[in-house]
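> This is the structure alone, sequence omitted:
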């Protein structure tokens, strides 16, 4: 009978080749860090041990999983195809360890969660602090990125679940939490058309915009397409605060979700739009029925706390 700490070294067979979970963890870490040395530092191993493990893995598989170059390493096409399956194996091991801990009356494990910037700023500090106080044995690992990043992380098993807007979730199952309005943000000295207290499509179409990539704000891009709003812009940015800072400096206007505007340090004004717009925020996961106990605990806590 294996001790729980020994599960790490159980041999897993894929494609007729036998490798340990440690081999898969090394491969995953190297892929994420893009460097043997960085992976070695993170795992507490030597770079030569990391290199030897990857070479042995490639010999066993019969193909290269990494391309080596002076700046580090990158995944080959084979490696990129293999990574989601490796993540699935490692996630299954984590689920097993958490289940054993639960049988022993313990609440422990690790939960990996993906989020976009406004969730990271407004919700994640309280989630980590309050949930962490209640379940001190459960560690939360957070990944921040765009909608596209979070969707990819969920599908590839890098995170257990993640926050997305409903319109950006695509084919991922999503549990709706809260709907919030989209607002038009303008410089503090902007002269509003007095004919309408809301910002109309006609008025916005006459303004220069500070725009974000579609992967960052799919809901805003959808609103523009649905209302035939063709914007003029010379400024293409990624994060919310950079967008708002350019608006405050007088370089244009933008559209932002209401949550983004909480506690911003810039002097701007915001208006509801005509026609109105909103985004639905939710949490997405591939299979809620296969969640590890620690993952399920955090998933249920978020729904109970934030669902409106």
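Ah, there it is. The model shown is predicted, which means the values in this text are computed figures rather than measured ones.
> Quick check on the closest residue in space to residue 308 that isn't next to it in sequence: phi, psi?
Counting by Cβ to Cβ, 6 or more residues apart in numbering, residue 308 lies nearest to residue 178, which is 4.7 Å off, once chain neighbours are set aside. C-beta: built from backbone N, CA, C; applies to glycine. Per-residue torsions, residue 178: phi -150, psi 140 (degrees, to the nearest 10).
> you'd agree residue 178 is up against residue 306?
Yes. Under the criterion of Cβ atoms under 8 Å, residue 178 makes contact with residue 306 at 6.1 Å.
> These two: which is more packed in?
More crowded of residue 178 and residue 306, by other Cβ atoms under 10 Å: residue 306, with 17 against 14.
> In space, what's closest to the more buried one - neighbours in sequence excluded?
Residue 306 sits nearest to residue 177 (Cβ to Cβ, 6+ apart), 4.9 Å away.
> dump the residue contacts of the one you found.
Residue 177 makes contact with 280-283, 302-303, 306-308 under the criterion Cβ atoms under 8 Å, 6 or more residues apart in numbering.
> which secondary structure element contains it?
Taking DSSP states H and E as the definition, residue 177 sits inside strand 174-187.
> Now that strand: average pLDDT?
The average of the pLDDT scores along strand 174-187 is 97.
> Tell me who's in contact with residue 198.
271-274, 276.
> can you do 7 Å?
Taking Cβ atoms under 7 Å, 6 or more residues apart in numbering, we find residue 198 in contact with 271-274.
> now do residue 47
36-37, 40.
> on that earlier part again, would you mind giving the contacts of residue 198 as CSV with neighbour count added?
Below are the contacts of residue 198 laid out as CSV (neighbours: other Cβ atoms under 10 Å):
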residue, neighbour count
271, 19
272, 14
273, 21
274, 17
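> Dump the residues you listed into JSON lines; add secondary structure and pLDDT as well.
As requested, these are exported to JSON lines (DSSP: H, G, I helix; E, B strand; the rest coil; pLDDT from 0 to 100):
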{"residue": "271", "secondary structure": "strand", "pLDDT": "96"}
{"residue": "272", "secondary structure": "strand", "pLDDT": "96"}
{"residue": "273", "secondary structure": "strand", "pLDDT": "96"}
{"residue": "274", "secondary structure": "strand", "pLDDT": "94"}
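> can you list the residues you listed in a markdown table and add distance to residue 199?
Shown next, in a markdown table, are the contacts of residue 198 (distance: Cβ to Cβ, whole Å):
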| residue | distance to residue 199 |
| --- | --- |
| 271 | 4 |
| 272 | 7 |
| 273 | 5 |
| 274 | 7 |
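> If we only consider the residues you listed, which is nearest to residue 60?
Nearest to residue 60 among the contacts of residue 198, counting by Cβ to Cβ, is residue 273 at 57.7 Å.
> Who is that closest one paired with across the strands?
residue 199 (DSSP bridges).
> I'd guessed it sits against residue 186; true?
No. Between residue 273 and residue 186 there is no contact under Cβ atoms under 7 Å: 11.6 Å.
> Does residue 152 fall in a helix, a strand, or a coil region?
Following DSSP: H, G, I helix; E, B strand; the rest coil, we place residue 152 in the helix state.
> Tell me how far the residue lying closest to it once chain neighbours are set aside lies from residue 276.
Excluding its sequence neighbours, the residue lying closest to residue 152 (Cβ to Cβ, 6+ apart) is residue 158, at 7.7 Å. Counting by Cβ to Cβ, to the nearest Å, the gap from residue 158 to residue 276 is 35 Å.
> ok now stretch 245-265, how far from the chain's centre?
22 Å (Cα atoms, centre = their mean, to the nearest Å).
> Figure out the length between the terminal residues of that stretch.
One end of stretch 245-265 to the other measures 9 Å (Cα to Cα, to the nearest Å).
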